[in-house]
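In: What shape does this take:
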Amino acid sequence: MRRREVFFLLATVAAFPIVASAEQPGMPVLGFLNVESAHNYAGPLAAFLKGLAEAGFVDGRNVTIEYRWANGRSEQLPDLAAELAHKQLAVIAATSTPAAIAAKAATSTIPIVFETASDPIRLGLIPSLNRPGGNVTGVTQTNVEVAPKRLELLHEVLPFATILGLLINPTDPALVNAQLKDFLSAARILKVELHVLNSSTDSELEKAFADLKELRASGLVISTDPFFTSRPDKLAQLATRYAIPAISKGREFAAAGGLLSYGSDTADSYRLAGIYTGRVLKGEKPADLPVQQATKVELFINMRTAKAFGVTLPLALLGRADEVFE
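Out: Below you'll find the predicted structure:
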């Protein structure tokens, strides 16, 4: 996401409330469910609202949005989803993998549009991408599929590394299970010892980076998870403090000082989810809407961090980057 796009998304967020809107008589009501907080997910929310507007719907004008944020506590999602399911909603936008799972369990009648970084079939959300059937459809990123590629890229930068760390969030087992097997398989092929570090709170993040030094790990791969995606600044600061070359997803991590970022364009995925939500609001049925796949993958590199860490980046890798921070 380029700077002017960031400004647009932030302006969009400022233009729309991120708390529950006052319901207007006669307007359809949209439930928005997410595992994180409105503050941490301002960018993706803005992208979702942009897509919704492209489909012809603006909060407070011709649709009312009921927001439910779990503020990083995934155990609250079943109750939040059940609360939305008891309302007269036209559709639930279940953004993030744990939110989608909770919404699917809460209702089989209210239309659901999900946004997930994992395989929705493997998660049990739908039986088929082309014919989702039932009340559920949505958008899937390619982040889980490309996640092991982050390990390969980090190894390309650190070819003599024999010990690396993998940061996961254990509170989201569906997302962890979707990635861990592929990460471990990639590590075996690269002949790298991969240490799995658990983190689901800010204090645990601090401990994870400290543990990396104890393990004598040369670098860190950050798995795909909303908890990590919403904390690019925090992760980049810790990587700088502990001098750990790290790779995550999202431009924001590299822009904040992380060495590498690689993954699908989250803003594009959320925008597509907003468009699909608008189509359901217009009367289309989830069963008839094939699941969309956001396939745009981006690589970002921070040269300042590379120089500070004494890391030499291959010219071929620099040539593949979508953006290099000098």
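In: what comes up buried for the longest helix seen in the chain?
Out: When the chain is scanned for its longest helix (criterion: DSSP state H), the result is helix 173-190. The neighbour-count check on helix 173-190 (16 or more other C-beta atoms under 10 Å) flags Ala174, Leu175, Val176, Ala178, Gln179, Leu180, Asp182, Phe183, Ala186, Ala187, Leu190 as buried. Heads up, the C-betas are built off the backbone N, CA and C, glycines and all.
In: tell me which of these is nearest to Pro78?
Out: Ala174 (13.7 Å; C-beta to C-beta).
In: List the residues that contact the closest one.
Out: Neighbour list for Ala174: Thr97, Pro98, Ile101, Ser118, Leu123 [criterion: C-beta atoms under 8 Å, 6 or more residues apart in numbering].
In: ok, now with 10 Å
Out: Thr97, Pro98, Ala100, Ile101, Thr116, Ser118, Asp119, Arg122, Leu123, Gly124, Leu125 (C-beta atoms under 10 Å, 6 or more residues apart in numbering).
In: Can you tell me the closest non-neighbouring residue to the fifth one?
Out: In this case it means Thr116. Leaving out its chain neighbours, the residue that sits closest to Thr116 by C-beta to C-beta, 6 or more residues apart in numbering is Thr97, at 4.6 Å.
In: Could you tell me how far stretch 199-214 lies from the centre of the chain?
Out: When distances are taken as C-alpha atoms, centre = their mean, to the nearest Å, stretch 199-214 is centred 20 Å away from the chain's centroid.
In: Let me see the mean pLDDT of it.
Out: Per-residue pLDDT values over stretch 199-214 give a mean of 92.
In: outside of it, which residues touch it?
Out: 72-74, 163-165, 167-172, 195, 197-198, 217-220, 222-223, 225, 227-228, 231, 234-235, 237-239, 241-244, 246.
In: According to the record, where do the domains of this structure fall?
Out: 3-141+265-296, 143-264+298-325 (automatic domain parsing).
In: Going by mean pLDDT, which of these comes out lowest?
Out: Across those, domain 3-141+265-296 gives the lowest mean pLDDT, at a mean of 87.
In: gap between it and the chain center?
Out: Using C-alpha atoms, centre = their mean, the offset of domain 3-141+265-296 from its chain centre is 13 Å.
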